[in-house]
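> how would this look folded up:
(one chain, ligands or ions: 1)
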Amino acid sequence: MIPASSDKLSIMTRILPPVLVAVLAPAIAVAEPTLTIDASKPAADVSPMHYGLMTEEINHCYDGGLYAELVRNRAFLDDSKEPVNWTPVGGAKIALDPEQPLNDAIPISLRVESTAAGGGVANGGYWGIPVKPSTTYRASFFAKASPGFSGPLTVAIQSEDGETTFASAEVPTLSGNWNTYETNLVTAADVEPTTKARLAITAKDPGTFWLGLVSLFPPTWNDRANGLRPDLMKMLVDLKPKFLRFPGGNYLEGDTIDTRFKWWETLGPISLRPGHPCPWGYRSTDGMGLMEFLLWTEEMGAKPVLGLYAGYSLKGDYVKPGKDLEPFVQEALDEIEYVMGPVTSKWGARRATDGHPEPFPLEYVEIGNEDWFDKSGSYDKRFAQFYDAIKKKYPKLKCISSVGFEQPKEKWVKSRNPDVVDEHYYRTADWFIKESPGFYEKYDREGPEIFVGEWAAHETDYPPWDGRAKNDPPTPNMEAALGDAAWMAAMERNSDIVTMQCYAPLLVNVNGRQWRPDLIGYDALTSYGSPSYYAFRMFSTNVGDVIFKSETADTPVQASVTAGARTGDIFIKLVNPTSTDRSLKIDIKGLRSIQPTGEAEALTAAPDATNSIDEPTNVVPEVSEVTGVKPSFDYTVPAHSIVVLKLKAS
Ligand code: AHR
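Numbering: from 1, shown residues only. Prediction:
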């Protein structure tokens, strides 16, 4: 886009005699592209809840993703007819056996009939078992033997064809009763990393035995049992998130009322967690249960933002407000008590039993998810019933309405004043770039806080839920990152009203996705950040605590300026979505002096450039020194770039 004034000048050179142009030209000077910053006083505080994270069981985010369990269909409940993801080895016969239930929660087991030495069963994990050198894997399972058989069993991580053993151990004897067995499998230092591996449990001699809940964990983040995958956790911790919105999303609601996220069924030993069907087409193990979500927030230094099931499920079932809804309100109150109640309370005591006597720092709860889909129009009354009960017991908790102002007015909650409303924006990069300037500036400052609880830019002209999206890469490219950055700048400039926001979804197993775009991609062995991940990280790690009012003039560059009130840090975030380098006069008013050198972190790439499993670092930010910094100085923002200038007032 050429500034209007220079257009005028070139038209005049075409229609006026040269001598007149010479006289008139200085009077019609080309306006200088400028970013003016008022550093004399903060315009507002940056909300302490910028920036957050959101995901749910989608795209194998947890099972086959962040939750480090490597065995797929570990409880044999994924399919009621076949032991899917399990294969017989060495000529054995395998079958689901409801006659030999593991327990009431997992009323099934796997019968393995080995007719020859070395017969047994193998599991290929979530698109492979990741084998790494010098690594200790923790295998555990329940087993019992038929009369006349007592083992031993060999537990091994081996190549897909069983020809190469990477690590193995022996369980010497089985009995006729269910017992749990645990063993370490340690790989050698010279093992080549691979995903082409399986876990095999085989019998040395012919015989019949049953297996229940077979589990294999690699090392986890902080070495926590039943914990999280370290490479993904490192990427998340690097984002310095302030909160985690969980457990969903659609995953909270379930397809039906019965398949909602029943938080109480996700507590305690994994052998007592049956899991449940998730709305994204596969069964969740619930290994990532309520306590694991809370520990995850804690391990990231983030706060929980808890989604409460509010009586509406995806396929349209809803619970009538009033008497019918009361048990669901009680479920929510109990869940809140589990998270933050004293250990003297029923559910606070259960939390202590589960290993965490300290209450978690819960400040926000969200009542339902995307309840604008409820065609019955019951949300206003359902919200009110939850709101009243929650406020009575926990007056300080902020209640978020799941219907934001981006929805038609008739869908909004009107019978109560929600503390916060949740808006969702899955839009094209172009939409974000065009709409971001002035978008939240227009919002009523007297209204509720805004939580942008799901947002992401896509490069395509069709949305993520369109069938065509399944042929596109799972993670977004630089074009999307530019849209994301324009949107983040808009939300940050307005974080007095947009107090919370989180990109969604966060994670995708590249072999098993239902939704794109997603911030972080991975397979069983490796992971990578998309350009949008790096854009997000650049924003979320350079926040400051106050907003300086800023204005751009005569430039398509978008900006947000924040500062550390005590540190003197000034963060100038610039987004140039165009294909031309843009020189900018940066005019910082009200600043006595500034250090002459600063730092620029820049993400610059062609719009279609991206990262992938094979090219994980094709598009990453680069850091360089910026010299000649003054209260008023010139800076060129490269074409297709996102830049954070880190300056220091002196
Ligand atoms: O983030 C994916 C889905 O998008 C969420 O589950 C839902 O809330 C939204 O429609």
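
> Report the central residue of the chain.
Leu506 (2.9 Å; C-alpha atoms, centre = their mean).

> if I pick that one, what's in contact with it?
Listed by C-beta atoms under 8 Å, 6 or more residues apart in numbering, the contact set of Leu506 reads Leu53, Met54, Thr55, Cys61, Leu236, Asp518, Leu519, Ile520. C-beta here means a position set from N, CA and C on the backbone, and glycine is covered the same way.

> Which parts of the stretch 151-300 of the chain are helices?
230-237, 250-253, 290-300 (DSSP state H, counting those that start in this stretch).

> relative to helix 230-237, how tilted is the longest one?
What that stands for is helix 290-300. Compare the direction of helix 290-300 with that of helix 230-237 by axes from the mean of the first three to the mean of the last three C-alpha atoms, to 10 degrees and you get 60 degrees.

> re the thing from before, what pLDDT does the residue nearest to the centre of the chain get?
Per-residue pLDDT puts Leu506 at 97.

> which bits of this structure sit near the ligand?
Within reach of the ligand by C-beta under 6 Å from any ligand atom, the chain has these residues: Glu56, Ile58, Gly248, Gly249, Asn250, Asn369, Glu370, Glu454, Ala504, Pro505, Trp515.

> buried subset of those?
The neighbour-count criterion (16 or more other C-beta atoms under 10 Å) marks Glu56, Ile58, Gly248, Gly249, Asn250, Asn369, Glu370, Glu454, Ala504, Pro505, Trp515 among these as buried.

> What about the residues you listed, which are in helices?
Asn250 (DSSP state H).

> Only the buried residues of stretch 389-398, if you could.
Ala389, Ile390, Tyr394, Leu397, Lys398.

> List just the nearest of these to the ligand.
Nearest to the ligand among the buried residues of stretch 389-398, counting by C-beta to the nearest ligand atom, is Lys398 at 19.5 Å.

> Spit out the contact partners of the closest residue in space to the closest one that isn't next to it in sequence.
The spatially closest residue to Lys398, leaving aside those adjacent along the chain, is Asp419, at 4.0 Å (C-beta to C-beta, 6 or more residues apart in numbering). The contact partners of Asp419, by C-beta under 8 Å, 6+ apart, come to Lys398, Cys399, Ile400, Pro448, Glu449.

> surely the last one meets Thr499?
The reference is to Glu449. Yes - using C-beta atoms under 8 Å, Glu449 is in contact with Thr499, at 4.2 Å.

> Which of these two has more residues huddled nearby?
Taking other C-beta atoms under 10 Å, Glu449 and Thr499 do not tie; Thr499 has more neighbours (23 against 19).

> Tell me how many other residues crowd Asp223.
8.

> Let me fix that, I meant to ask about Glu326.
By other C-beta under 10 Å, 13 other residues sit near Glu326.

> That one: what secondary structure?
Here Glu326 is recorded as helix under DSSP: H, G, I helix; E, B strand; the rest coil.

> State the pLDDT value of it.
For Glu326, the pLDDT comes out at 98.

> List the residues that contact Asp545.
Asp545 touches Asp45, Val46, Pro48, Thr562, Ala563, Gly564, Ala565, Arg566, counting by C-beta under 8 Å, 6+ apart.

> go on, Glu82?
Counting by C-beta under 8 Å, 6+ apart, Glu82 makes contact with Leu96.

> Over to Met300?
Taking C-beta under 8 Å, 6+ apart as the test, what Met300 contacts is Leu53, Met233, Leu236, Val237, Pro241, Leu244.

> nearest spatial neighbour of the fourth one, skipping sequence neighbours?
Counting by C-beta to C-beta, 6+ apart, the nearest residue to Val237 once its immediate chain neighbours are dropped is Met300, at 5.4 Å.

> Assumed Glu479 was part of a helix.
Yes - per three-state DSSP, Glu479 lies within a helix segment.

> List only those of the contacts of Asp545 flagged as buried.
Val46, Thr562, Ala563, Gly564.

> The ligand: which of those residues is nearest?
Of all these, the ligand sits closest to Val46, with 25.3 Å by C-beta to the nearest ligand atom.

> Which residues are in contact with that closest one?
Glu492, Ser495, Val543, Gly544, Asp545, Val546, Ile547, Thr562.

> rerun that using 7 Å as the cut-off
Neighbour list for Val46: Ser495, Val543, Gly544, Asp545, Val546, Ile547, Thr562 [criterion: C-beta atoms under 7 Å, 6 or more residues apart in numbering].

> Run through who's touching stretch 251-271.
By C-beta under 7 Å, 6+ apart, stretch 251-271 touches 56-58, 102-103, 106, 142, 213, 215, 226, 247-248, 273-274, 276-279, 286-287, 289-291, 307, 309, 312-315, 317, 319, 335, 350, 354, 369.

> Just the buried positions in it, please.
Applying 16+ other C-beta under 10 Å to stretch 251-271 flags 251-255, 257, 259-263, 265-267, 270-271 as buried.

> pLDDT on it, on average?
For stretch 251-271, the per-residue pLDDT averages 98.

> Okay, now the unreliable bits of the protein?
1-30 (pLDDT under 70).

> so where do the helices sit in it?
In the chain, the segments counted as helices under DSSP H are 4-15, 18-24, 230-237, 250-253, 290-300, 326-340, 346-353, 379-393, 429-435, 478-493, 531-540.

> for the ones you listed, which one ends up most surrounded?
helix 478-493 (a mean of 28; mean count of other C-beta atoms under 10 Å).

> Which other helices and strands does that helix contact?
The contact analysis (3 or more C-beta pairs under 7 Å, 6 or more residues apart in numbering; DSSP states H and E) places helix 478-493 against helix 429-435, strand 449-458, helix 531-540, strand 558-563, strand 569-576, strand 641-648.

> Could I have the CA atoms of it written out in PDB?
Taking Å, rounded to 0.1, in the frame of the first residue of the first chain, the C-alpha atoms of helix 478-493 are listed here in PDB:
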ATOM      1  CA  MET A 478       4.300 -17.900   8.100                       C
ATOM      2  CA  GLU A 479       1.200 -16.300   6.500                       C
ATOM      3  CA  ALA A 480      -0.900 -17.600   9.400                       C
ATOM      4  CA  ALA A 481       1.800 -16.500  11.900                       C
ATOM      5  CA  LEU A 482       1.500 -12.900  10.500                       C
ATOM      6  CA  GLY A 483      -2.300 -13.000  11.100                       C
ATOM      7  CA  ASP A 484      -1.700 -14.400  14.600                       C
ATOM      8  CA  ALA A 485       0.800 -11.700  15.400                       C
ATOM      9  CA  ALA A 486      -1.500  -8.900  14.200                       C
ATOM     10  CA  TRP A 487      -4.300 -10.400  16.400                       C
ATOM     11  CA  MET A 488      -1.900 -10.800  19.500                       C
ATOM     12  CA  ALA A 489      -0.800  -7.100  19.000                       C
ATOM     13  CA  ALA A 490      -4.500  -6.100  19.000                       C
ATOM     14  CA  MET A 491      -5.300  -8.100  22.100                       C
ATOM     15  CA  GLU A 492      -2.200  -7.000  24.000                       C
ATOM     16  CA  ARG A 493      -2.900  -3.300  23.200                       C
END
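
> Which residues does that helix contact?
50, 428-429, 432-433, 436, 439-440, 452, 455-459, 498, 501, 517, 531-532, 535-536, 539, 547, 558-560, 562, 573, 575, 577, 603, 605-610, 619, 640, 642.

> just to revisit the earlier point, now the contacts of Leu506 in JSON lines, with distance to Thr180?
Listed next are the contacts of Leu506 as JSON lines, based on distance: C-beta to C-beta, whole Å:
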{"residue": "Leu53", "distance to Thr180": "34"}
{"residue": "Met54", "distance to Thr180": "35"}
{"residue": "Thr55", "distance to Thr180": "31"}
{"residue": "Cys61", "distance to Thr180": "28"}
{"residue": "Leu236", "distance to Thr180": "31"}
{"residue": "Asp518", "distance to Thr180": "36"}
{"residue": "Leu519", "distance to Thr180": "37"}
{"residue": "Ile520", "distance to Thr180": "34"}
